[in-house]
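> Following is a predicted model, sequence given first.
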There are 2 protein chains.
Amino acid sequence: MALSRLASELKKKRPFERVEDEAYLNLVRTAQWLQHDTERLLRPYGLSEATYNVLRILRGVQSDGALGLPSLEVASRMVTRVPDITRLVDRLIKRGWVERTRTDADRRVVLVSITGKGLEVLKELDGPLVNCVVRQMSKLTQAELIELNRLLEKARDGLTPPCEEENEKQPEADL
Amino acid sequence: MALSRLASELKKKRPFERVEDEAYLNLVRTAQWLQHDTERLLRPYGLSEATYNVLRILRGVQSDGALGLPSLEVASRMVTRVPDITRLVDRLIKRGWVERTRTDADRRVVLVSITGKGLEVLKELDGPLVNCVVRQMSKLTQAELIELNRLLEKARDGLTPPCEEENEKQPEADL
DNA sequence: ACACAATAGATGTTAAAACATATATTTTGT
DNA sequence: ACAAAATATATGTTTTAACATCTATTGTGT
């Protein structure tokens, strides 16, 4: 039996025992290749995927009229889990791309907002980023991309979101 | 137009402009959820996905008769890129799960091999790990998993492997 | 044989991720 | 109104990732 591409890449002698194992590894490997490629584009601008994601979120909401978002709200909208949004924002502030503003209504909250300088960086990156992702996906047809999206969303249906796992209620013994 | 599941998760107001963008983010997000879930299983054993991967590779080759593998050969067989295999192996040595052996034929090379103790840890984990990945993929049918694998491998066809990118030959001016 | 390039790993250093815990503020229940 | 719980963010600490650089050894070409 011929080995799959993945099995060959990993120099495995035997095929995978379960198609589930193969799916897991294909997913992780493909995502990492994509991210590594994208980070290579972002690094010269002093951005990582995470910090870039923060800027994109803020540009989105502010273009719809919002003044900004509370830190945790930013974190909850990110593509990947970020357990330390404070220092992620710190780095962006140091660059002058975002600001923190204490709100008066609830003084616990800080609104994080993108600055003009931040918008400029994003603008510079818009074109290159679109080219990058389109190139990355260029081997798949539109129909295949749609099917891929369907399968990935369906797969996530069976997973616990990393951000909510603290709510792992144990069966709660009667008192 | 109804938003995709991903767009809703990210609280986007508008659908994605390109199906490519959506595929990229779905891939990264799904992979991260999977990995986070798996690491939660491995952590109590003192393992990360990377160190676990090293042990699996070594068990594989040694069960086929090899004495071990050179560090860089281990790195090249890993699912994800590892730019610091030395200290990854260091950590496994500290736990007593692998060993380093200098070879006489080529004294630059060290053979990394899994120990009996390492094999024991893997054995303990075999069952739980299979359960974990099968559960993770349980929303997809076998046919869907096969299709997912096909799409992911096809997508990788268009990508530069992270490990080989140093060979980015610039157009090489004539001399 | 000898200079030089190539290869295999190791090391130094910086930045970022991960997790637990702390502080400040607001909300809730009585 | 007030103690206690909940919320929003910040901080301290440890581990790991990432990158560049360095050493030791082997291979190559003349």
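Looks like it came in fine. In this text, all values refer to a predicted model and were calculated from it rather than measured experimentally. Numbers count the residues shown, from 1 in each chain, chains lettered A, B, ... in the order given.
> May I see the buried residues of the helix or strand where A:Leu34 lies?
Under the criterion of DSSP states H and E, A:Leu34 resides in helix A:19-42. Buried residues in helix A:19-42, counted by 16 or more other Cβ atoms under 10 Å in any protein chain shown: A:19-38, A:41-42. C-betas here are computed from N, CA, C, even on glycine.
> Remind me what it packs against, helices and strands.
helix A:5-9, helix A:49-63, helix A:116-136, helix B:19-42, helix B:116-136, helix B:142-157 (3 or more Cβ pairs under 8 Å, 6 or more residues apart in numbering or on different chains; DSSP states H and E).
> Format those as TSV; extra columns: distance to DNA strand D and mean pLDDT.
TSV is the format used below for the helices and strands packed on helix A:19-42 (distance: least, Cβ to the nearest atom of the strand, whole Å; pLDDT from 0 to 100):
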stretch	distance to DNA strand D	mean pLDDT
helix A:5-9	18	95
helix A:49-63	10	97
helix A:116-136	16	97
helix B:19-42	10	96
helix B:116-136	15	96
helix B:142-157	18	97
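> how much space between the closest residue to DNA strand C within chain A and A:Thr101?
Going by Cβ to the nearest atom of the strand, DNA strand C is nearest to A:Arg107 of chain A, at 3.6 Å. According to Cβ to Cβ, to the nearest Å, A:Arg107 and A:Thr101 sit 12 Å apart.
> So which of the two has more stuff around it?
Set A:Arg107 next to A:Thr101 and count neighbours by other Cβ atoms under 10 Å in any protein chain shown: A:Thr101 wins out with 12 against 8.
> right, and the more buried one touches A:Val110 too?
Yes: between A:Thr101 and A:Val110 there is a contact under Cβ atoms under 8 Å: 6.6 Å.
> Give me the contact list for stretch A:124-133.
Residues outside stretch A:124-133 that contact it (Cβ atoms under 8 Å, 6 or more residues apart in numbering or on different chains) are A:Asp37, A:Thr38, A:Leu41, A:Leu42, A:Tyr45, A:Leu47, A:Tyr52, B:Arg18, B:Glu20, B:Asp21, B:Tyr24.
> which element is the residue positioned nearest the centre of chain A on?
Central residue of chain A (Cα atoms, centre = their mean): A:Val79, 2.8 Å from the mean position. Using DSSP H and E, A:Val79 maps to neither a helix nor a strand.
> Contacts only, for it.
A:Glu49, A:Asn53, B:Leu10, B:Leu25, B:Val28, B:Arg29, B:Gln32.
> again with A:Gln136
A:Leu34, A:Asp37, A:Thr38, B:Glu20, B:Tyr24, B:Ala155, B:Gly158, B:Leu159.
> Mind doing that once more with 6 Å?
Applying Cβ atoms under 6 Å, 6 or more residues apart in numbering or on different chains to A:Gln136 gives the contacts A:Leu34.
> And A:Leu47, by the same measure?
Neighbours of A:Leu47 in contact, by Cβ under 6 Å, 6+ apart: none.
> hang on, the earlier thing: for the helices and strands packed on helix A:19-42, give me JSON lines that also has distance to B:Asp84.
Formatted as JSON lines, those follow (distance: least, Cβ to Cβ, whole Å):
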{"stretch": "helix A:5-9", "distance to B:Asp84": "21"}
{"stretch": "helix A:49-63", "distance to B:Asp84": "20"}
{"stretch": "helix A:116-136", "distance to B:Asp84": "26"}
{"stretch": "helix B:19-42", "distance to B:Asp84": "18"}
{"stretch": "helix B:116-136", "distance to B:Asp84": "20"}
{"stretch": "helix B:142-157", "distance to B:Asp84": "23"}
